[in-house]
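J.: Need coordinates for the following:
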Amino acid sequence: MEQGEETPVPLDWALAVERAGGNAGLAADLLEMLREELPARMNTLQTAADQGDEAALQEEVHRVVGSCRYCGVPALEQAAGHLHGLLQRGDAWERADLQAILRAADELKTARPPD
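T.: Model prediction:
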């Protein structure tokens, strides 16, 4: 992250509602679906990384990026998008890139839409 850039938030509710076509109920449902799938996705990412299976890692991180497109989850979207870009270009990646995704996914456990 460049100096002066703000750290992305785990949940941007206005963005979530916008991405759900202005429907707050749908935004809440999409967020809950993402939360439900994240543990399995994070496990798959970790396993692929541990096994050095970059093809599986790229495939799974692509799924995470796709899921983020429907939700207002900037921190996870940015972290997953970063690793996805590195893998697509065949650039070197580090464990810190994966850890950023895992951390962003973990932060979503407690992020809540406004009442």
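
J.: which stretches of this structure have low pLDDT?
T.: Residues of the chain meeting the criterion pLDDT under 70: 1-5.

J.: so where do the helices sit in it?
T.: 13-19, 24-51, 54-68, 74-89, 95-107 (DSSP state H).

J.: Give me the distance between D12 and H62.
T.: Using CB to CB, to the nearest Å, D12 is found at 22 Å from H62. The way it works is simple: take the backbone N, C-alpha and C, and place the C-beta from them, glycine included.

J.: Nearest to P113, out of the helices of the chain?
T.: Checking these against P113 by CB to CB gives helix 13-19 as the closest, at 4.8 Å.

J.: buried residues in that closest one?
T.: 13, 15-17, 19 (16 or more other CB atoms under 10 Å).

J.: Then stretch 56-71?
T.: 57-58, 60-61, 63-65, 67-68, 70-71.

J.: same check, this time on stretch 33-48
T.: Under the neighbour-count criterion of 16+ other CB under 10 Å, stretch 33-48 has 34, 38, 41-42, 44-46, 48 buried.

J.: Let me have those residues in CSV, extended by distance to L26.
T.: Shown next, in CSV, are the buried residues of stretch 33-48 (distance: CB to CB, whole Å):
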residue, distance to L26
L34, 13
L38, 19
R41, 21
M42, 24
T44, 26
L45, 27
Q46, 30
A48, 31
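
J.: I would like the residues contacting stretch 53-71, please.
T.: 16, 19-20, 27, 30-31, 34, 37, 41, 44-45, 47-49, 76-77, 80-81, 83-84, 87-88, 101 (CB atoms under 8 Å, 6 or more residues apart in numbering).

J.: same thing but at 7 Å, please
T.: Here stretch 53-71 makes contact (CB atoms under 7 Å, 6 or more residues apart in numbering) with 16, 19, 30-31, 34, 37, 41, 44-45, 48-49, 76-77, 80-81, 83-84, 87, 101.
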